[in-house]
Each structure stands twice: as structure tokens, then as C-alpha cells.
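K.L.:
Structure, please.
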Amino acid sequence: MTMTNSTAAETPRKGGLDVWAPSVMPEVSRGELTDEQSLAIAFRLLAKEGFAENLAGHITWQRPGDTNMLVNPWGLWWNEVSASDMCLVDEDAALVSGRWDVTPAIHIHTELHRMRKDARVVIHNHPYYVCVLAAIGKLPELVHQTGSMYIDDLVFVQEYSGEIDTPRLAQDLAEQIGDAKVAVLANHGVIVTGSNLVEATYRAASFERVCKLAYDVLVSGFTPLEMPRSAMLGMKESLLERAAEVYWGGATRSLLRAEPEVLA
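P.N.:
Below is the predicted model of the structure:
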């Protein structure tokens, strides 16, 4: 059967590791990183990408086979946390270990972890351009190929009830998010999930730039060019399966050169 041009355009392009996989990759660091060190690195990387409204926000990491989760303490900014600052809480947010206290807003994470087995990492903060769009009630228009990462994975949560500090409120929020990988919260911020730390960090870091591009195009008054859905689906696979690891490796090497104390 001969494929028409319109049918060809609608057929998803292949992407990711099925198309090409590198035979060798640069080492992320000179030695193996502990989970606490990796999470501290993620905090500092995302702070540099705009996830830095002073002491706001939290990341939880529920490692494979474990219901406990690593999380940042209350009171430290993301750009100053180190590996030894990480706390461990159980699935109900009770502190298991750590030198510091943990905010009750951690329930945002516990309930998403409980509801979503794919959400092993949950990231929440208030990046500026995300918040601009959240304030006007819009999801970002996907105007650049990096935005392909978010096709079919975005949701806007309209209702805002203030601080979410109980399991009941957090459960309501988790139900509104559903299976979306990224949720923009009206007048608030963003929640990003991932199956592992590298994927979640890359998805979060890229999202603020996607929102900035969308906002700049919006205020320009011009209509953006539309990207073909078929091409976006292939690009999404490539970004998640290949680009995430490259982002993590390069960003980590750069951070460790500048801020080696993050590993302490």
C-alpha cells in the first residue's frame, strides 16, 4: 500500500535509543556518587535553572523497592544544600533520619508517590516563568523542539486552596494531577514527576525554559509555527532516552568543578 503524504505526516517518527545509542559516554564524576550526593546535586542544578524562590520547594526520591523517601530539610535554600543535609521520611512523612525538620507540605509528595507508582521522584517549586503562566491560567504552548518532551504530559490544576499541608488536601491534588508528568498549579507553581532522578531533573530543568519561550512568544503577538505531532513524538523519545543522561552528566561535572562542597 502506498502511504499518502498526509498519512506519512501523521505516523509517529521513531526516536530514542531504538534509532541510535552511544557506544561510550563520558563519566559523570571521578567517583561513584551516593544517592544523597546525587540528590544534593539535583537541588543545586535546579536552583540554577530557576527553581529558587528562596527556601520554597522540595524534591522527594523514593528509590526502587523502598517506600521511604529522601527529601530536603526545611530552612535551607536549594543552592546551599549538601549531601549530609538530606533527610529520610517514611511514606506518611514521619522523619526517619536527618539533622533537620521537614515541612508538612511534604504531603504533596507522599500522596503522589502513593497514587503513582511511576512517580519515583517528585519535584515542586515556583520558577518565575512557570508562575507567570500559572497566574494567567495557561499551560505553555510548545513552540520549540524541547517542548516535545511534554506532549500529552501536561495538566493545569485550576483550584488553589492555599498551603497543602495535610494528607487529605494532598490526595485531592494528586487526583487532579492524575497521570500527568507535569502539573502547573494556578497561582502557585509546578509539580514535576519522573521514574528516576535523572529523568525528573532534566524534565524540570527544561520546563522553565519552555515556559519562558512560550511567554516571550505570547507577548510578541506573533502566532508561532506549529510543530507536527508525528515529529514531536519521536523527539520526545530522543530527549528522554538520550538527552536526559547527557544533561545530567554535563551539568554535574560543571557543578562539581565550581561547588565541590555539595558532596560533603
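
K.L.:
Just give me the neighbour total for the closest residue to residue 141 other than its chain neighbours.
P.N.:
Distances taken as C-beta to C-beta, 6 or more residues apart in numbering put residue 214 closest to residue 141, at 4.9 Å, once the chain neighbours are dropped. Just so you know, the C-beta spots here come from the backbone N, C-alpha and C atoms, and that holds for glycine as well. When neighbours are counted by other C-beta atoms under 10 Å, residue 214 registers 22.

K.L.:
Mind telling me what element residue 214 is part of?
P.N.:
helix 197-220 (DSSP states H and E).

K.L.:
following that helix, which helix or strand shows up next?
P.N.:
Sequence-wise, the next helix or strand beyond helix 197-220 is helix 229-238, with elements assigned using DSSP H and E.

K.L.:
All the helices of this protein, in order from the start?
P.N.:
Under the criterion DSSP state H, helices of the chain are mapped to 5-10, 35-48, 107-115, 128-136, 167-177, 197-220, 229-238, 244-258.

K.L.:
show me what contacts the residue nearest to residue 141?
P.N.:
With contact set as C-beta atoms under 8 Å, 6 or more residues apart in numbering, residue 214 has these partners: 129, 133, 140, 141, 142, 143, 147.

K.L.:
Name the pair among these with the greatest separation in space.
P.N.:
129 and 142 (14.2 Å; C-beta to C-beta).

K.L.:
Considering the contacts of residue 214, which possesses the most neighbours?
P.N.:
Counting neighbours by other C-beta under 10 Å, residue 140 leads the contacts of residue 214 with 26 neighbours.

K.L.:
From residue 15, how far out is that residue?
P.N.:
Distance check for residue 140 against residue 15: by C-beta to C-beta, to the nearest Å, it reads 21 Å.

K.L.:
and what of residue 218?
P.N.:
Counting by C-beta to C-beta, the separation of residue 218 from residue 15 is 28 Å.

K.L.:
which of these two has more neighbours?
P.N.:
Neighbours were counted for residue 218 and for residue 15 using other C-beta under 10 Å; residue 15 has more, 21 against 17.

K.L.:
Now residue 64. Nearest residue, chain neighbours left out?
P.N.:
Spatial nearest neighbour of residue 64, excluding adjacent residues (C-beta to C-beta, 6+ apart): residue 120 at 7.2 Å.
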